[in-house]
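In: Need a 3D model of the sequence below.
(one chain, ligands or ions: 2)
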Amino acid sequence: MTGLPFSSLAAVRAALADLPGPDAGALAAATARNADLTKPPQALGRLEDAAIWYAGWRGTDRPVIDAPQVVIFAGNHGVAARGVSAFPADVTAQMVANFKAGGAAVNQLARTFGARLDVHPLQLDRPTADFTTAPAMTEDELCAAICAGWQAVDSGADLLVTGEMGIGNTTSAAAVAASLFGGAAEGWTGRGTGLDDAALQRKAEVVAEGLARHPQAAGAGLEALRCLGGRELGAMAGAILRARQLSIPVILDGFICCAAAAALEAERPGALDHAIAGHMSAEAAHGRLLGALGKTPLLDLDMRLGEGSGAALAIGVLKGAVNCLSGMATFAEAGVSGA
Ligand SMILES: Cc1cc2ncn([C@H]3O[C@H](COP(=O)(O)O)[C@@H](O)[C@H]3O)c2cc1C
Ligand SMILES: O=C(O)c1cccnc1
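Out: Numbers count the residues shown, from 1 in each chain. Ligands and ions are numbered 1, 2, ... in the order given. Model prediction:
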């Protein structure tokens, strides 16, 4: 593994133990600047919090977002053979081709907000093991996925969105979330690409089988990702961790992205302080997962697509917030009377 950032999960854990925080001076300066801008106090609502948060991570009270990056990881899942998705596993590779050709929803949204989009298929011809019979990945496989995510982040980006494609991955995400936070499988299992009631019940049983098979993964961060996750989840976690090291703020996407991110938070509370929730997915348990992570979503549009699409849309909201903080006049500059 020479040349790769991590040769073991122990090395990933060591990186998690040593994370940079936001710039306290920039946070204070942005808070003070926000209070002087030509608007009634708090009139921009959560846009103000988001802009100050962004300023803290970028180390300046007048930041701009002009190099956002959307990175999509794709993986295939052994558990897809259990009939847990409404679509066949071939769709994963077919959608990768669609992303590359510019034809998917996320391509349009990324382009709308001036984001670069990169696609990384991760050994699509080698699905993970069915987690009801074995750990989804070996330690080396998860480590390789985390490294792929780490290496995919452009160090010149000023905002990161991590997206995914992987038929069956809402099953993996449900199992990871249930393992990390506890509770019955049904409470974490949703319809994914559109299962009917009977298929939804079978999917919850598959998730429950996975949880019973890997009791040592309960609450155990990377071990939950290894036993129940997938390559694209591991890569998203690796990219989010790399972004933290580079002080690049992250917008989290839907249920699958948040389940992957939750593994970092379980390993190291505060590991997601540089991440904001882009949207609330219509996937049933996403609200519960966001609650467990202490994140309030920027948007709630009944989207349930994945691909990074909800987070890509939220780039526009965050750009607007940051432009207000950085571009608005103060009361003194504009000659506007204060209260
Ligand atoms: C055409 C198509 C495009 C997609 N783009 C994202 N997903 C989403 O659906 C999958 C998860 O749902 P499940 O667990 O039910 O398979 C993931 O690939 C996710 O990104 C798609 C799914 C389909 C069919
Ligand atoms: O929340 C998501 O990201 C999601 C939900 C359903 C299917 N694919 C993705």
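In: Count the neighbours of the nearest residue to residue 313 once chain neighbours are set aside for me.
Out: Nearest non-adjacent residue to residue 313, counting by Cβ to Cβ, 6 or more residues apart in numbering: residue 109, 5.3 Å away. Any C-beta I mention is one placed from the backbone N, CA and C, and that applies to glycine too. By other Cβ atoms under 10 Å, 25 other residues sit near residue 109.
In: show me what contacts residue 109?
Out: Neighbouring residues of residue 109 by Cβ atoms under 8 Å, 6 or more residues apart in numbering: 309, 312, 313.
In: Next to ligand 2, which bits of the chain? Give me the list.
Out: Applying Cβ under 6 Å from any ligand atom, we find that the chain lies next to ligand 2 at 170, 192-193, 253-256, 281, 283, 286, 304-306.
In: hey, where'd the strands end up in the stretch 201-339 of the chain?
Out: 250-252, 275-277 (DSSP state E, counting those that start in this stretch).
In: roughly how far is the first one from the heart of the chain?
Out: Yep, that's strand 250-252 we're talking about. Its chain's C-alpha centre and that of strand 250-252 lie 5 Å apart, by Cα atoms, centre = their mean, to the nearest Å.
In: ok, so what distance separates the closest residue to residue 149 other than its chain neighbours from residue 334?
Out: In space, and not counting its chain neighbours, residue 149 is closest to residue 238: 2.9 Å by Cβ to Cβ, 6+ apart. Remark: distance between residue 238 and residue 334 (Cβ to Cβ, to the nearest Å) = 45 Å.
In: Just the buried ones out of the residues of the chain next to ligand 2, please.
Out: 170, 192, 253, 254, 255, 256, 281, 283, 286, 304, 305, 306 (16 or more other Cβ atoms under 10 Å).
In: Could you pull up phi and psi at the nearest residue to the first one once chain neighbours are set aside?
Out: Nearest-residue entry for residue 170: residue 192, 3.7 Å, with adjacent residues in sequence omitted and distances by Cβ to Cβ, 6+ apart. For residue 192, the backbone dihedrals are phi 60, psi -130 (criterion: degrees, to the nearest 10).
In: Can you pull out the low-pLDDT segments for this structure?
Out: Along the chain, segments meeting pLDDT under 70 span 1-2.
In: got the residues of the stretch 151-300 of the chain near ligand 1?
Out: Close to ligand 1, as judged by Cβ under 6 Å from any ligand atom, the stretch 151-300 of the chain has residues 164, 165, 166, 167, 168, 169, 170, 171, 192, 193.
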